[in-house]
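S.K.: just coords:
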DNA sequence: CGGATAGTTCGATGAACGTCGTAGTTCGAT
DNA sequence: ATCGAACTACGACGTTCATCGAACTATCCG
């Protein structure tokens, strides 16, 4: 039996691996867009169960993975909880104005 | 036989009907993103057959319809040709920075 | 240890999407 | 009136995607 790993490390793309297309795809879903908005409007990080979205836990995990792989969010592990936050700086450097433009959307 | 209409009027959303989600969905496709980039980098408008994308004509029409319905482009009819251009001003007003951020993307 | 909590993984399913070919329409030119 | 060019509309096909429930792992607390 292999030595158990303290939870899968969870790979994040480097800044220069982030593509605008993946980011756009990630943002182009109502649930994920709501999650990004909640992250942007929150003073603190948000845990998986802290998002207010009308989907089950497994679906939520899927959306988090999509955002993570696209380079939109990062997660900080703490015990069984993973605290998520926006990669604001990386996104602003790569696509200046994109995130702010999306968040400024009236609808 | 019904009186022939000078080509279907082709409905475009008003500015206040444009949603950020539809715009993001429209931009989140490699072919459509290439089309938007070509429009942004072109001095002139681009006709349907003027786009350099690796798809057939019918697929191209489909992508143009998607961009049109999302409010990303407008078309000016002239004879059998429709000249397309970006709705830069509308998008900038609604989502300031979004389009520029996308176009600034290194990849 | 046992139980509770936080997330993940694994099919399965149904909807949406990109793609194409063909056929059809409008318009300009011959 | 006929032809070709520019584009649209329709139907089909395969893929991707969002969603769920159930089973599983990891961590923390009595």
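M.R.: Received the coordinates, thanks. Keep in mind it's a predicted model, so treat the numbers as computed, not measured. Numbers count the residues shown, from 1 in each chain, chains lettered A, B, ... in the order given.
S.K.: interface residues of chain A facing DNA strand C?
M.R.: A:8, A:10, A:47-50, A:57-58, A:60-62, A:64-65, A:75, A:80-83 (Cβ under 7 Å from any atom of the strand). (Glycine included, C-beta is placed from N, CA and C.)
S.K.: who's in contact with the residue nearest the centre of chain A?
M.R.: Nearest to the mean C-alpha position of chain A, by Cα atoms, centre = their mean, lies residue A:73 at 3.1 Å. For residue A:73, the contact set (Cβ atoms under 8 Å, 6 or more residues apart in numbering or on different chains) comprises A:36, A:39, A:64, A:67, A:84, A:85, A:86, A:87.
S.K.: now what about the longest helix that chain A contains, what contacts it?
M.R.: Looking across chain A with DSSP state H, the single longest helix is helix A:57-70. With contact meaning Cβ under 8 Å, 6+ apart, helix A:57-70 is reached by A:10-13, A:18, A:22-23, A:25-26, A:29, A:31-32, A:35-36, A:48-49, A:51, A:53, A:55, A:73-75, A:84.
S.K.: where in chain A is pLDDT low?
M.R.: For chain A, residues meeting the criterion pLDDT under 70 lie at A:1-9.
S.K.: quick check, stretch A:93-106 touching chain B?
M.R.: Yes: legend: contact between stretch A:93-106 and chain B by Cβ under 8 Å from any Cβ of the partner chain is shown at A:94, A:95, A:96, A:97, A:98, A:99, A:100, A:101, A:102, A:104, A:105, A:106.
S.K.: lovely, talk soon.
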